[in-house]
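Asker: quick check, what structure comes out for this input:
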Amino acid sequence: MTFNKENLAYRIAFDSNTNQFMAIDSKDEQHVAYGVTIEHAIKNLNAKKASV
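Answerer: Predicted coordinates:
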């Protein structure tokens, strides 16, 4: 499922190896950010996209 927030389309997954959520940019799957919570993963993805 793809979500949209603040002009960012992303997917959420859970990495059971690291026990962290992954926010994946649905337009470019090379952009992935991790976080302990879903919100943290999305925040990290937004920050990562802003710095690109």
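Asker: past the helix or strand of the chain with the lowest mean pLDDT, which element shows up next along the chain?
Answerer: Ranked by mean pLDDT, DSSP states H and E, the weakest helix or strand in the chain is strand 3-5, scoring a mean of 66. Going down the chain from strand 3-5, the next helix or strand is strand 8-15, by DSSP states H and E.
Asker: on the three-state scheme, the residue in the chain sticking out farthest from the centre is what?
Answerer: Largest separation from the mean C-alpha position in the chain: Asn17, at 16.7 Å (Cα atoms, centre = their mean). Secondary structure, DSSP: H, G, I helix; E, B strand; the rest coil: Asn17 is coil.
Asker: okay, it: pLDDT?
Answerer: We have a pLDDT of 97 for Asn17.
Asker: okay, it and Tyr34: tell me how far apart.
Answerer: Per Cβ to Cβ, to the nearest Å, Asn17 is found 11 Å from Tyr34. Backbone N, C-alpha and C define where each C-beta goes, glycine included.
Asker: phi, psi for the residue nearest in space to the middle of the chain please.
Answerer: The structure's the chain has its C-alpha centroid closest to Ala23; by Cα atoms, centre = their mean the separation is 1.7 Å. Backbone torsions of Ala23, given as degrees, to the nearest 10, read phi -110, psi 120.
Asker: verify the stated contact: it with Glu39.
Answerer: No: the pair Ala23 and Glu39 fails to qualify as a contact (Cβ atoms under 8 Å) at a distance of 9.5 Å.
Asker: let me see the contact set for Lys43.
Answerer: Contacts for Lys43 were tallied using Cβ atoms under 8 Å, 6 or more residues apart in numbering; they are Gly35.
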